[in-house]
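>>> with the input below, show me the fold.
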Amino acid sequence: MKQRSSLSSPLLRKPRLSPSLFIILAFILFVTVLYGEDFTCILSQLGSNYPNLDRPISRTQKNKKLPFAIGKTDNGCDIFSGKWVWDESNRPLYQESECPYIQPQLTCQEHGRPDRDYQFWRWQPNGCSLPSFNASLMLETLRGKRMMFVGDSLNRGQYVSMICLLHSIIPEESKSMKTRGSLTVFTAKDYNATIEFYWAPFLVESNSDDAVIHRVSDRIVRKGSINKHGRHWKGVDIMVFNTYLWWMTGLEFRILQNGSFDDEVKDIVEVSTEEAYRMGMRSMLRWVKKNMNPKKTRVFFTSMSPSHQKSIDWGGDSNGNCYNQTSMIQDPTYWGSDCRKSIMQVISQVFSKSKVPITFLNITQLSSYRKDAHTSIYKKQWNPLTPEQLANPASYADCVHWCLPGLQDTWNELLFAKLFYP
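Here you go, the predicted model:
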């Protein structure tokens, strides 16, 4: 807390504690007790290998029950800190062939991946355990409600994972999935429930908003434009946001200050990527504050999903990437060059100053170990491969997206834990 400069007095007075100063000190002590864990986490980030944002983002009182909660996580248990353990008995949580909703970009077995080891790892937090994912509980909770994932294709992967975890207990005639523009809706008719995905890779309006044709090299976002997408999110009961990868085009990012993308002359400024991202985060928080009732709804934000484009990061070949990687990274302190800590710091700064209750799903570190879990070359290729690409598979390996079933099922186990046992 920044101290205010004291006013000087021409008279010498005996030092004493004024009533107003006493009140201020008492208030500081009260807030410190109330949000002690928040302050501890924020300060501890300064010396850690990566920011721990699990608690600072949620500004709710310790004993206040959150919507949908049926219990709580053990004191001192950080479910995002732990290790991967082999578990053939309980993994995978479903079979690829049994979930028809997985896009062909994520069906690695169908597209020839020879191994399945990536499917058998379970995340084990230190000193505690994750609650088992309960599809019946999840669907009963969603009865008469809407759950929505908003963001890019990585959030769509988590969305599809959630549907795969739930759909098997829903009769075939009682479920459907439809896509219209940016919105995909899975309906569980017997529950009067929907699980939805909305394509908005920056959350705010951008020139990459087309759900199909969005490969734009010169990416631009429009300032103060989140309502263009946000009008489709109103009425959602459980919201899961993500945005990161699409911002990573360099050290600077372009923002449309005024007007629209259709204007012949555009008022565009360039700022640092961190400042552009900060603008996006603040826009999201303002929208949540205005449109989500914290007494009835829950909002989650998923941290950056790591890619594994450079095997030199983990001591491998300088020309390699995730291609042909079938084992995970063992170094518990590993942090890849693709994950900007400066972006994590922006999230920490923006969210920790806000009173908007958002639960942070800190999947970055635990996912960073999983260089084995990407789709790599085992996915539908939308364009014919060239002879040069066929001769060098690493050149077209997808080291961004993840096979299903696989890692993103763990993200949903963590979401499940934070929803019901915050």
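
>>> quick check: V350 touching M281?
Yes - between V350 and M281 a contact is recorded at 4.5 Å, counting by CB atoms under 8 Å. For every residue, glycine as well, the C-beta is placed using N, CA and C.

>>> contacts only, for the residue nearest in space to the middle of the chain.
Of all residues in the chain, the one closest to the mean position by CA atoms, centre = their mean is T302, 1.3 Å from it. The contact partners of T302, taken as CB atoms under 8 Å, 6 or more residues apart in numbering, are G151, N155, Q158, V240, F241, N242, L361, I363, W411.

>>> for I170, see how far away it is.
Taking CB to CB, to the nearest Å as the measure, T302 falls 25 Å from I170.

>>> where are the low-confidence patches of the protein?
By pLDDT under 70, the low-scoring segments of the chain are 1-63.

>>> where do the helices of it begin and end?
19-34, 36-44, 135-141, 153-166, 227-230, 273-291, 341-352, 364-368, 387-391, 407-420 (DSSP state H).

>>> tabulate those (TSV), appending distance to K379 and mean neighbour count.
Output for the helices of the chain, formatted as TSV (distance: least, CB to CB, whole Å; neighbours: other CB atoms under 10 Å):
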stretch	distance to K379	mean neighbour count
helix 19-34	48	10
helix 36-44	38	15
helix 135-141	27	16
helix 153-166	12	24
helix 227-230	27	18
helix 273-291	28	19
helix 341-352	27	18
helix 364-368	18	23
helix 387-391	14	11
helix 407-420	14	23
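
>>> T73: which of those helices is closest?
Set against T73 and scored by CB to CB, the helices of the chain come closest in helix 407-420, at 6.8 Å.

>>> spit out the contact partners of R146.
R146 makes contacts with A193, T194, E196, G235, V236, D237, I238, as judged by CB under 8 Å, 6+ apart.

>>> tell me which two of those sit farthest apart.
A193 and G235 (13.0 Å).

>>> and these two? which has more neighbours close in?
A193 (22 against 10; other CB atoms under 10 Å).

>>> okay, now the spatially closest residue to that one that is not a sequence neighbour: neighbour count?
If the residues on either side of it in the chain are set aside, A193 comes closest to L142, at 4.0 Å by CB to CB, 6 or more residues apart in numbering. By other CB under 10 Å, 20 other residues sit near L142.

>>> relative to Y421, how far out is L142?
17 Å.

>>> before we move on, what about N75?
From N75 to Y421 the distance is 12 Å (CB to CB).

>>> compare those two (neighbour count), which wins?
Y421 (16 against 8).

>>> would you check that M284 makes contact with L203?
Yes - assessed by CB under 8 Å, M284 is found in contact with L203 at 5.3 Å.

>>> overlap in contacts, these two.
With CB under 8 Å, 6+ apart as the test, M284 and L203 both reach I226, F241, T243.

>>> which ones among these map onto strands?
F241 (DSSP state E).

>>> distance to R215 for the shared contacts of M284 and L203 - can I get that in a markdown table?
Formatted as a markdown table, those follow (distance: CB to CB, whole Å):
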| residue | distance to R215 |
| --- | --- |
| I226 | 23 |
| F241 | 22 |
| T243 | 17 |
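
>>> quick check, nearest of the shared contacts of M284 and L203 to V356?
F241 (11.8 Å).

>>> who's in contact with the closest one?
Contacts of F241 by CB under 8 Å, 6+ apart are V150, G151, N155, L203, M284, V299, F300, F301, T302.

>>> what about the nearest residue to the third one once chain neighbours are set aside, neighbour count?
If I follow you right, that is N155. Ranked by CB to CB, 6+ apart and with sequence neighbours excluded, the top spatial neighbour of N155 is N242, at 4.2 Å. Around N242 there are 26 other residues, counting by other CB under 10 Å.

>>> quick check: H232 touching L183?
Yes - if you go by CB under 8 Å, H232 and L183 touch, sitting 6.2 Å apart.

>>> find residues that contact each of the two.
Joint contacts of H232 and L183 (CB under 8 Å, 6+ apart) are Y198.

>>> buried set for stretch 73-85?
For stretch 73-85, burial by neighbour count (16 or more other CB atoms under 10 Å) applies to T73, C77, D78, I79, F80, S81, G82, W84.

>>> how far out from the middle of the chain is it?
With CA atoms, centre = their mean, to the nearest Å as the basis, stretch 73-85 stands 18 Å off its chain's centre.

>>> and for it, what are the contacting residues?
Looking at what lies outside stretch 73-85 - CB under 8 Å, 6+ apart - the contacts are 52, 54, 121-128, 130, 328, 332, 361-363, 365-366, 369-370, 414, 417-418, 421-422.

>>> show me where the stretch 151-300 of the chain has its strands.
Under the criterion DSSP state E, counting those that start in this stretch, the stretch 151-300 of the chain contains strands at 175-180, 183-188, 193-199, 220-222, 238-241, 252-258, 267-272, 298-302.

>>> list the neighbours of the third one that are in contact with it.
This points to strand 193-199. Under CB under 8 Å, 6+ apart, the answer for strand 193-199 is 139, 142-150, 152, 155-156, 159, 162-163, 166, 182-188, 209, 211, 214, 229, 232-233, 236.

>>> not counting residues beside it along the chain, what's closest to D218?
D218 sits nearest to R254 (CB to CB, 6+ apart), 7.3 Å away.

>>> for that neighbour, give the beta-bridge partners.
With beta bridges defined as DSSP bridges, R254 has these partners: I220, E270.

>>> how far away is it from N207?
For R254, the distance to N207 - CB to CB - is 9 Å.
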